[in-house]
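Chemist: Coordinates for the following, if possible.
(2 chains)
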2 protein chains.
Amino acid sequence: MPDSPAIFPATEYAARVARLQSGLHRAGIDALLLTTPADVFYVTGFLTRFWESPARPWFIVVPAQGDPVAVIPAIGAELMGRTWISDIRTWPAPDPQDDGVGLLTDTLATLVPEGGQIGIPMGLETHLRMPLADYHRLRDLLAPRRFVDATALVQRVREIKSEAEIAKIRATCAVADRAFARVPEFAGVGRPLDRVFRDFQIALLQEGADWVSYVAGGAGPGGYGDVISPADARPLARGDVLMLDTGAVRDGYFCDFDRNFAIGAASDAAKRAHAALFAATERALRDLHAILWDALIARDATPLDGRLGHGLGLTLTEWPSLSAKDNTVLRTGMVLTLEPGVEIEKGKIMVHEENIALRDTGPELLSQRTLDTLPEIDT
Amino acid sequence: MPDSPAIFPATEYAARVARLQSGLHRAGIDALLLTTPADVFYVTGFLTRFWESPARPWFIVVPAQGDPVAVIPAIGAELMGRTWISDIRTWPAPDPQDDGVGLLTDTLATLVPEGGQIGIPMGLETHLRMPLADYHRLRDLLAPRRFVDATALVQRVREIKSEAEIAKIRATCAVADRAFARVPEFAGVGRPLDRVFRDFQIALLQEGADWVSYVAGGAGPGGYGDVISPADARPLARGDVLMLDTGAVRDGYFCDFDRNFAIGAASDAAKRAHAALFAATERALRDLHAILWDALIARDATPLDGRLGHGLGLTLTEWPSLSAKDNTVLRTGMVLTLEPGVEIEKGKIMVHEENIALRDTGPELLSQRTLDTLPEIDT
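Modeler: Below is the predicted model:
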């Protein structure tokens, strides 16, 4: 098999590691231990759907100085060998007696002095992708070295996307733009929602998605009830509001935005909801400091509880949350979703989403702006 | 939005909980805390692709007596409300100040006496899907209650599939069977591998997959190099061996098997490899106690290192591993993959996979048996 073209040149990854290492120095941490698909891909370029199997843990160690070390199951050696990572240590996983803990302990013991600190992300929106009992074993074996929280360190680096990353996200958004444009082809009166979900995934693949990690949506008379349910087989009917939301993936980068459609002529209430959502994101696009919430209230709409957008990139959602409770500073280079939602009437909602990159000059739209009126299908 | 039809009747979930509770009693554990998509779906029937977002943790508590309690983000309340679960407690996640820890602490403090034990899966093939720092906080808040490993307890229950579950996995296997039958339509000489991967995913959706969580494979002259790489754009050429492997999902249940194809006429070496793999799974299908490894050796083939199959169901892979190191007892009701691999020549491999259910009378094939000779495309 010929070498896959790397997603990015080695310089991209080296620059990421340099930024992480600068954070390690500032925090007095001797090495970073990463375990999740997004963190591993970020540092190494190791891209595989094999993460879908919970059978094996994967470890990347970023020391405060020097190159990252991959401590991974032998089944990944060939693919990791095609990345810029040169120090690759493997074990025959899964091994019930020792599933990499010994090898990882040896690696960290060499790179981190006794009394030193090992950073792992352990805060909001993170999890440790290894068995908890193995983490406890690792912690005991490496004592008196201490494990400390490196969430903020990793987030402040990952949240600022390089131009190369923004180009990837823009390309994935364009895939979804093309697929959304084709929705009227397969979402008319009488088409069951589960069939629409399938056809939408097919369109995303046909338009260039490598895979489709997320499709959600809803449909119902006058509005939908929630945005996380799988599709049922109810046929679309005149008067329904249909929403499709997707996290398609190309070259490892996600888009995450949705589009709403009226089946048949839109009701006045649905039109008003769409106009309010459009106005809210329009205002945020013009002045990101404008509060989406205020923009909805100004239109006499009832905003949904919860956040009104979030970070985006290597996973479907990243920090920060666009909410009153999140104090993350918005900075140039971040990629975000704007995702306001309103209640059309009790139990019937509408959610609208766009993807943007924050530039010195203001936000850049990565998704093609939705129409300012609710599109009507099959009138 | 009308109620989605539940995947199973409430009796199915109640029976699962009764089996878990019987394990809790035997182990002297007062409650089980579950956090992963598969464990939550298993107990509740809560099925959503929303797990793709790492932003929020989700908790299910199974007390030793009484019904399970869902402690979940408010965004999931409507969908959880359509399951058999009646005790649903929500918080407005994500909340950087307290992302559900307070609510979960209160819930567990009521259900588990001081000095009692809370079980969580922390062993091989598990992870805790919540921020590690929040777990530490929970542990401290609930002391002197202790957290103990419940991996075996959960695995011994989940690994025995009900008839209803086996029917679901059989249906997903049938989706993949139909998609595999169509591979010659889109995998001929000159077709780029990444295009083949996309077309295969499209075929799976057209044949009834709700979504396609996993597609892997490989192609190369005389064999492929590994089985976890994403596809590159190299066109298929005469002499290639192509493999496609899929974890498609329907109603929340996975299949996981692969098929091999020769592009043009197959080489003798590739034919021999395929025959050896076929013979190995054939023997295992006849007598599961026969060792796949021995069957390969007997054919003069070079088995690949690693496990030769694994459990299957709510995730792409489940325990046990078919390997010398895994001592899990094989029992009636388990669903497994048989997945032997051989080295055709140095750096060129072939892997073959089937899905089976273990019955009192022997294994039942859930995937349609592969041909005993390597199919040739575009000769």
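Chemist: Any chance of the backbone angles for the nearest residue to A:Leu314 once chain neighbours are set aside?
Modeler: Once flanking residues are discounted, A:Leu314 sits nearest to A:Ala38: 3.9 Å by CB to CB, 6 or more residues apart in numbering or on different chains. Just so you know, the C-beta spots here come from the backbone N, C-alpha and C atoms, and that holds for glycine as well. The phi and psi values for A:Ala38, taken as degrees, to the nearest 10, are phi -70, psi -40.
Chemist: buried sites along the helix or strand hosting A:Ala109?
Modeler: When secondary structure is defined by DSSP states H and E, A:Ala109 falls within helix A:101-111. Of the residues in helix A:101-111, those with enough neighbours to count as buried (16 or more other CB atoms under 10 Å in any protein chain shown) are A:Val101, A:Leu103, A:Leu104, A:Thr105, A:Thr107, A:Leu108, A:Leu111.
Chemist: I'd say the fifth one and A:Trp91 touch.
Modeler: Which is A:Thr107. No: taking CB atoms under 8 Å as the contact criterion, A:Thr107 and A:Trp91 are not neighbours in contact, 11.2 Å apart.
Chemist: shared neighbours of the two, which are they?
Modeler: Here A:Thr107 and A:Trp91 share the contacting residues A:Val71, scored by CB atoms under 8 Å, 6 or more residues apart in numbering or on different chains.
Chemist: Could you pull out the strands in the stretch 1-150 of chain A for me?
Modeler: Shown for the stretch 1-150 of chain A, the strands assigned by DSSP state E, counting those that start in this stretch span residues A:31-34, A:59-63, A:69-73, A:87-91, A:117-120, A:146-149.
Chemist: how about the last one against chain B, any contact?
Modeler: Yes: figure legend: strand A:146-149 in contact with chain B (CB under 8 Å from any CB of the partner chain); contacting residues A:Asp149.
Chemist: Just checking the distance from that strand to the centre of its chain.
Modeler: Chain-centre distance of strand A:146-149: 25 Å, with CA atoms, centre = their mean, to the nearest Å.
Chemist: same thing with the second one?
Modeler: On the basis of CA atoms, centre = their mean, the separation between the geometric centre of strand A:59-63 and that of its chain is 22 Å.
Chemist: in the stretch 1-150 of chain A, which spans are helices?
Modeler: According to DSSP state H, counting those that start in this stretch, the stretch 1-150 of chain A carries its helices in the segments A:10-27, A:37-44, A:77-81, A:101-111, A:132-142.
Chemist: now do the stretch 201-350 of chain A
Modeler: Chain-ordered helices for the stretch 201-350 of chain A, with DSSP H, counting those that start in this stretch as the definition, fall at A:268-286, A:292-298.
Chemist: Please work out how many residues are found near A:Gly218.
Modeler: 28 (other CB atoms under 10 Å in any protein chain shown).
Chemist: mean confidence score for stretch A:344-356?
Modeler: Average pLDDT, stretch A:344-356: 76.
Chemist: Show me how far that stretch is from its chain's centre.
Modeler: Taking CA atoms, centre = their mean, the mean C-alpha location of stretch A:344-356 is offset from the chain mean by 20 Å.
Chemist: what residues are up against the nearest residue to A:Leu374 once chain neighbours are set aside?
Modeler: Counting by CB to CB, 6+ apart, the nearest residue to A:Leu374 once its immediate chain neighbours are dropped is A:His274, at 3.9 Å. By CB under 8 Å, 6+ apart, the contact set of A:His274 is A:Asn260, A:Ala266, A:Met350, A:His352, A:Thr373, A:Leu374.
Chemist: Mind putting those residues into TSV with distance to A:Val227 and neighbour count?
Modeler: Supplementary listing: the contacts of A:His274 in TSV, determined by distance: CB to CB, whole Å; neighbours: other CB atoms under 10 Å in any protein chain shown:
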residue	distance to A:Val227	neighbour count
A:Asn260	11	27
A:Ala266	19	23
A:Met350	10	28
A:His352	11	24
A:Thr373	21	12
A:Leu374	17	24
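Chemist: among those, which two are most distant?
Modeler: Among those, the pair separated by the greatest distance (CB to CB) is A:Ala266 and A:His352, at 14.0 Å.
Chemist: picking that back up, now do the residue nearest to A:Leu374 against A:Asp258, distance only.
Modeler: 12 Å (CB to CB, to the nearest Å).
Chemist: And A:Asp210, by the same measure?
Modeler: A:Asp210 sits 20 Å away from A:Asp258, going by CB to CB.
Chemist: still on that earlier bit, how many residues are close by the residue nearest to A:Leu314?
Modeler: The number of residues packed near A:Ala38 is 19, by other CB under 10 Å.
Chemist: for A:Asp140, same thing?
Modeler: Neighbourhood size, A:Asp140 [other CB under 10 Å]: 9.
Chemist: cool, the one 10 residues further on as well?
Modeler: A count of nearby residues for A:Ala150, using other CB under 10 Å, gives 26.
Chemist: For it, give its distance to chain B.
Modeler: From A:Ala150 across to chain B, the span is 11 Å (CB to the nearest CB, to the nearest Å).
Chemist: Equivalent analysis for A:Pro192, please.
Modeler: With the distance defined as CB to the nearest CB, A:Pro192 ends up 12 Å from chain B.
Chemist: returning to that earlier point: pull the helix holding A:Ala109 out as PDB, backbone CA atoms only.
Modeler: Taking Å, rounded to 0.1, in the frame of the first residue of the first chain, the C-alpha atoms of helix A:101-111 are listed here in PDB:
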ATOM      1  CA  VAL A 101       0.600   0.200  31.400                       C
ATOM      2  CA  GLY A 102       4.200  -1.200  31.800                       C
ATOM      3  CA  LEU A 103       5.400   0.300  28.500                       C
ATOM      4  CA  LEU A 104       3.800   3.600  29.300                       C
ATOM      5  CA  THR A 105       5.200   3.600  32.800                       C
ATOM      6  CA  ASP A 106       8.700   3.000  31.500                       C
ATOM      7  CA  THR A 107       8.300   5.800  28.900                       C
ATOM      8  CA  LEU A 108       7.000   8.400  31.400                       C
ATOM      9  CA  ALA A 109       9.600   7.400  34.100                       C
ATOM     10  CA  THR A 110      12.400   8.200  31.600                       C
ATOM     11  CA  LEU A 111      10.900  11.500  30.500                       C
END
